[in-house]
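Enquirer: just a sequence and a predicted model for now, questions to come.
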Amino acid sequence: MVPMGPEENPYNSVAESLMRMGLRKKSLLFKENDNIYSQGDEATSICYLEQGRVKITVVSRTGKEAVLALLGENNFFGEGCLTGQRVRLSTAKALTACKVVTIDKDVMRKAMHKEEAFSDRFVSHLLARNQRIEEDLVDQLFNSSEKRLARILLLLANFGKEGRLEPVLPKISQATLAEMVGTTRPRVNQFMNKFRDLGFIDYNDTLEVHSSLLNVILND
């Protein structure tokens, strides 16, 4: 599972585009742990995350839950309704306080036909998500649990500034990380302690990741 952060926008910001097209109505506010929609709900709209972080999960018939994605600001989700999906196949839950714009699926289809730039932006979003899914599959097939956890932490930290601590989502549980990595919570606890002892992370009330954690991925 790959966390999905903000994406670059080659046009105006998505929020500005939605407002210009009359699609950005009043934003919906969600508190931490609120469900934005639930698995099995009627799928009638697509969502755009203006602020906050969202966790996308799915529950099997036996009750086992899996984390599919962690989304940051400037991400769409719930787009399955545009392909004929009648009910939600997953649950979207607010990991932090969130501001979400919902767009009716028929209105979204019309906007994509009328606004070429906006349509290009949305297609780019879908292609980027597909690429992340492919990368995640390769990660699951070929990398160890330790390397998968390191990669997820770096992505959550929006890695890119050498030698500088980057804040990660506070209060993210080891159980959630275990679901994302595809391992057990005790194994995640073992790796997190190891990363902290080596100076790769600071892990107390909040979680901070140092760029040196990249060594875990680069070294065989």
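Expert: All right, it came through fine.

Enquirer: after the worst-scoring helix or strand of the chain on mean pLDDT, which helix or strand is next?
Expert: Sorting the helices and strands of the chain by mean pLDDT, DSSP states H and E puts strand 166-167 at the bottom, at a mean of 62. Next along the chain after strand 166-167, taking DSSP states H and E as the criterion, comes helix 174-181.

Enquirer: now do the helix or strand just after that following helix: everything it contacts.
Expert: Counting by DSSP H and E, the next helix or strand C-terminal to helix 174-181 is helix 185-197. With contact meaning C-beta atoms under 8 Å, 6 or more residues apart in numbering, helix 185-197 is reached by 145-146, 149-150, 153, 174-175, 177-178, 181, 201-203, 213, 216. Yep, even glycine has a C-beta here, placed from its N, CA and C like the rest.

Enquirer: which among these gets closest to T96?
Expert: Set against T96, the nearest of the contacts of helix 185-197 by C-beta to C-beta is L177 (16.2 Å).

Enquirer: and that closest one, what pLDDT?
Expert: On pLDDT, L177 comes in at 88.

Enquirer: next one: V2
Expert: Reading off the confidence values, V2 has pLDDT 48.

Enquirer: could you shift the numbering so residue one becomes 11, and keep it that way?
Expert: Sure, I'll start numbering at 11, so the last one becomes V12.

Enquirer: how many residues are close by L165?
Expert: When neighbours are defined as other C-beta atoms under 10 Å, L165 has 20 of them.

Enquirer: and E26, by the same measure?
Expert: E26: 12 surrounding residues under other C-beta under 10 Å.

Enquirer: what's the per-residue pLDDT of it here?
Expert: Confidence at E26, expressed as pLDDT, is 71.

Enquirer: mind checking the longest helix of this structure?
Expert: Looking across the chain with DSSP state H, the single longest helix is helix 126-152.

Enquirer: pLDDT (mean, whole number) over that helix?
Expert: Rounded mean pLDDT across helix 126-152 is 77.

Enquirer: check the offset of that helix from the chain's centre.
Expert: Remark: helix 126-152 is offset 12 Å from the chain centroid, using C-alpha atoms, centre = their mean, to the nearest Å.

Enquirer: immediately after that helix, which helix or strand?
Expert: Per DSSP H and E, the first helix or strand lying C-terminal to helix 126-152 is helix 155-166.

Enquirer: what distance separates that next one from the middle of the whole chain?
Expert: 14 Å.
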